[in-house]
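>>> Need coordinates for the below:
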Amino acid sequence: MNKIIAFRDISLLKEYASRNSYNLGDAQVEPFGDDDPLRIVLLGPPGSGKGTCAKIIEELYNIPVITTGEMLRTSVSKETQIGKIAKSYMDRGELVPDNIVNTIVEERLLEPDAVDGFVLDGYPRSISQAKALDKILDKIDKKLDHVLYVKLEDAVIISRTSNRRSCPTCGAIFNRLNKPPKISNVCDICGSILVQRDDDKEEVIKHRLEVYKEKTKPLIDYYRKKGKVKEIRGDIDLKLLPESLKNVLKA
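Got it, this is the predicted structure:
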C-alpha cells in the first residue's frame, strides 16, 4: 500500500526531497492545511497606499512582504556568494544587475516563511524581471496567484504626499490633511519642528509618477494578458480596507 505524506505545500516537499536526495518513490503526496498559499505581486504608484495594503495582507494571511531592498540587505548580511557580488555593486553606488537580483529572489522564495505565500513589493520592475520571475516560479514548482494593482489618481497622490510632514528628530510622520499635529508644524511626540522631505515636494512627486508610469504600464499590460491583475483603490477607508482586500483577492 502506498504511503501517504501530508505536507503544507507540495512544491516545498519536492524541493526538500530533491535537495536531500530523498526518494519519494510511489508515495501518495497530499496537501495538508485548509488555506491555499497566496503569492502576490504588488504594483502601484508611489503614494498610492501600496505599503498599507502590503502590511494588511501580511497580517490577514500571515505571509511575508518581500521587498527588493530587504532581499539585497539580507543576502549581503548573510555574506552569501551572490550577496558579496551584489555588495560590490552597491558599494560603488551602481544598480545591481538583473541576473544577480533574480538569483537573490529565487533564494528568498525558497525560505521557509515564504512556503505559504508572499507579497513581492518592488519586484518585478520590468518585463525582463517579470519573465525571470515566471521562470523562477516554474523552476520551484509554484505559481503566481495575483498581481494586485493599487490605483489612485495623480492629483490625489500629489495632494496626499505633498501635505506629509516628518519629524527630523524622532521620525514621526504627520499629514496636514488627515493626520495633523496637535500644534501646527510641531511634532506631537518630541516637540521638534516638522519638515517636508525633498521627496515629498510636489515637483519631485510629479517626476516620480511620470517615471513610474513609463516603467510600469508595460508591466501591468503584461500581467493583464495573463489574467493576473486585480485592482483596488488606494483611498479606501482604513477601517474598510482589510475586508475590501479579502474580497478582491477571493474574486
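>>> For the residue nearest to residue 185 when sequence neighbours are not counted, give its distance to residue 175.
Nearest residue to residue 185 in three dimensions, chain neighbours excluded: residue 194, at 5.1 Å (C-beta to C-beta, 6 or more residues apart in numbering). Quick note: C-beta positions are derived from backbone N, CA and C, even for glycine. Counting by C-beta to C-beta, to the nearest Å, the gap between residue 194 and residue 175 amounts to 11 Å.
>>> residues bridging contact with these two, i.e. touching both?
Both residue 194 and residue 175 are in contact with residue 165, where contact means C-beta atoms under 8 Å, 6 or more residues apart in numbering.
>>> between these two, which one's more packed in?
Set residue 194 next to residue 175 and count neighbours by other C-beta atoms under 10 Å: residue 194 wins out with 21 against 15.
>>> That one and residue 85, how far apart?
41 Å.
>>> quick one on the thing from earlier: if I pick the residue nearest to residue 185, what's in contact with it?
165-167, 174, 181, 185-187.
>>> between those residues, which is nearest residue 129?
Nearest to residue 129 among the contacts of residue 194, counting by C-beta to C-beta, is residue 166 at 30.9 Å.
>>> ranges for the helices of the chain?
When assigned using DSSP state H, the helices of the chain occupy the ranges 10-19, 50-61, 68-77, 81-91, 98-109, 127-139, 154-162, 202-225, 241-250.
>>> Any chance you could list what contacts the second one?
Spelled out, that is helix 50-61. Identification of contacts with helix 50-61 by C-beta under 8 Å, 6+ apart yields 35, 38, 40, 42-44, 63-65, 116-117, 119, 121, 148, 150, 232, 234, 238, 241-242, 245-246, 249.
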